[in-house]
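**Q** below is the sequence, then the predicted model.
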Amino acid sequence: QVQLVESGGSLVQPGGSLRLSCVASVNIFSITAMGWYRQGPGKQRELVASITRGGTTNYADFVKGRFTISRDSAENTLYLQMNSLKVEDTAVYYCHARVEYSVGGVPRGSEYWGQGTQVTISS
């Protein structure tokens, strides 16, 4: 079991910055991949950014150049630095973890979600 606790959401003006944090209950290097998703009002949940155990990052086109995903293994924490925020970035941001393992040689996977943190961009 992996528990994820997000923090850092707030009300920010357009053009501002925020840093979200996600603390995992386990060593993050035991997690295959971690990421940030968001769900805006009336929208489906969508991937924002992800990072694999090996450090490979992936970003949605709508955040490239503005958001940066990173981690601190000593703190078991995943971060999302968000700059140049736009009104359309308003959403609940969720931390996600995927753990892949094998049982009797059969690959398995488990997924975990945090409770979400609200980010509101408004003037």
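**A** That came in fine, so what should we check first? Numbers count the residues shown, from 1 in each chain.

**Q** what residue is smack in the middle of the protein?
**A** Compute the mean C-alpha point of the chain, and by Cα atoms, centre = their mean the closest residue is W36, 2.0 Å away.

**Q** low-confidence ranges, the protein, go.
**A** For the chain, no stretch has pLDDT under 70.

**Q** need the residue in it that's farthest from the chain's center.
**A** For the chain, the residue at maximal distance from the C-alpha centroid (Cα atoms, centre = their mean) is G104, at 31.0 Å.

**Q** over to that one: give its phi and psi.
**A** Dihedral angles of G104 (phi, psi; degrees, to the nearest 10) stand at phi 60, psi 30.

**Q** next: V63.
**A** phi -120, psi 0.

**Q** before we move on, what SS does the closest residue to V26 other than its chain neighbours have?
**A** Distances taken as Cβ to Cβ, 6 or more residues apart in numbering put V2 closest to V26, at 5.4 Å, once the chain neighbours are dropped. Backbone N, C-alpha and C define where each C-beta goes, glycine included. Here V2 is coil, with the state taken from DSSP: H, G, I helix; E, B strand; the rest coil.
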